[in-house]
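Participant: requesting a structural model of the entry that follows:
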Amino acid sequence: MSIRPYALFLVLLVSCAQQQPVATAGHSPQVAPDGSVQSASTVASAPSASAAPRVCTGPAPAHAVTVYVIGDSTASVYPSERYPRMGWGQPFGELFAPACAVVKDMAISGRSSKSFYDEGAWTPVRDALASGDYVLIQFGHNDEKSEDPRRYTDPQSTYKQYLTSYITDTRQKGAVPLLLTPISRNQWNGGVLADTHKQYPPAMRELAGALRVELIDLTSLSQQYFERIGQAASTELFMNLAAGQFPNYPTGNEDNTHLRESGARKIGQLVAWNAYQRGLTLGSFLKAVPAPP
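Facilitator: Now for the predicted structure:
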């Protein structure tokens, strides 16, 4: 082989190698603090802030996708007689252009990743999925309940197994899974929010990296937001109500896990803002460029 053709061969070989994802045995992709999946193949193509998707303001697509929300009471829909209690998924659809996406909040109060699946709540969502749809998956609050075998999951085994079932089923229908770590509770230790979810958010981050699933780290995002606005302001976002403040709760209420309407809207805004900022396709379905809360 002459030197000139051999040099050309080396150039082509290097070029091809640079275009291929690098998978190192024993090393799973990592999830960055912003929730993006970091791997040899995704780092190179990760969108910058300037590459964030345009929102849905142009010509309408052929059909709107459906964005399903599955999860627990922090995301679910509540009837008017329980107002102002509201899951973040309930008003979430208001952020999207109907021509591009319709949100269906299928989260159910009190469910874990295990009980939502075992009770059959996942089946109608799975069966309705169409190619291009999205499934936003947020579980963790009730998975932590070790005293209840119907709901409890171990973070490193059954929690990941049930989440994987949702991911696999979603992908088999040509739809897109999106994991969300559970929102932080309004529990404080001095001026710092307490870590009440322990090993569940890290387990979900690990799974997102291993299966190359996009993840919005709602645990970290909500913690940072609550600590920025402070304990007093955060308490006003949860179901902490004075007697007579709301007709549905004449004697008041104290609850630092469940959101009231203002809190639900702030959490939904966090999700939309993070999706848009990171250039996720979900952000391109929004009706307007979201602002951080």
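Participant: can you point out the buried residues in stretch 168-180?
Facilitator: Asp169, Thr170, Lys173, Ala175, Val176, Pro177, Leu178, Leu179, Leu180 (16 or more other Cβ atoms under 10 Å). Just so you know, the C-beta spots here come from the backbone N, C-alpha and C atoms, and that holds for glycine as well.
Participant: the fifth one touches Thr170, doesn't it?
Facilitator: In other words, Val176. Yes: between Val176 and Thr170 there is a contact under Cβ atoms under 8 Å: 7.0 Å.
Participant: common neighbours of those two, please.
Facilitator: Val135 (Cβ atoms under 8 Å, 6 or more residues apart in numbering).
Participant: still on that earlier bit, could I get the buried residues of stretch 168-180 as a markdown table with pLDDT?
Facilitator: Below are these laid out as a markdown table (pLDDT from 0 to 100):
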| residue | pLDDT |
| --- | --- |
| Asp169 | 98 |
| Thr170 | 98 |
| Lys173 | 98 |
| Ala175 | 98 |
| Val176 | 98 |
| Pro177 | 98 |
| Leu178 | 98 |
| Leu179 | 98 |
| Leu180 | 98 |
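Participant: out of the residues you listed, which sit inside strands?
Facilitator: Of the buried residues of stretch 168-180, the ones assigned to strands by DSSP state E are Val176, Pro177, Leu178, Leu179, Leu180.
Participant: redo these as a markdown table? Include distance to Asp195.
Facilitator: Supplementary listing: these in a markdown table, determined by distance: Cβ to Cβ, whole Å:
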| residue | distance to Asp195 |
| --- | --- |
| Val176 | 29 |
| Pro177 | 26 |
| Leu178 | 23 |
| Leu179 | 19 |
| Leu180 | 17 |
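Participant: wait, isn't Leu270 in contact with Thr219?
Facilitator: No: counting by Cβ under 8 Å, Thr219 is not a contact partner of Leu270; they are 11.1 Å apart.
Participant: comparing the two, which residue is more hemmed in?
Facilitator: Per other Cβ atoms under 10 Å, whichever of Leu270 and Thr219 has more neighbours is Thr219, with 26 against 21.
Participant: before we move on, the earlier item: need the max-distance pair from the ones in strands among the buried residues of stretch 168-180.
Facilitator: Spatially, the most separated pair among these is Val176 and Leu180, at 13.2 Å (Cβ to Cβ).
Participant: where along the stretch 1-150 of the chain do the helices fall?
Facilitator: 3-19, 40-43, 113-118, 122-128 (DSSP state H, counting those that start in this stretch).
Participant: and the last one, which residues are buried?
Facilitator: So the one you mean is helix 122-128. Counting neighbours by 16+ other Cβ under 10 Å, helix 122-128 gives Trp122, Val125, Arg126 as buried.
Participant: quick one: residues contacting the first one.
Facilitator: Contacts here follow Cβ under 8 Å, 6+ apart; on that basis Trp122 touches Ile70, Phe116, Ser165, Tyr166, Asp169.
Participant: which one among the buried residues of stretch 168-180 gets closest to Arg54?
Facilitator: Nearest to Arg54 among those, with distances taken as Cβ to Cβ, is Val176, at 18.3 Å.
Participant: need the contact list for the closest one.
Facilitator: Gly132, Asp133, Tyr134, Val135, Thr170, Glu214, Thr281.
Participant: could you export the residues you listed as TSV, including distance to Pro61?
Facilitator: Below are these laid out as TSV (distance: Cβ to Cβ, whole Å):
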residue	distance to Pro61
Gly132	9
Asp133	13
Tyr134	14
Val135	19
Thr170	20
Glu214	20
Thr281	12
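Participant: great, nothing more from me.
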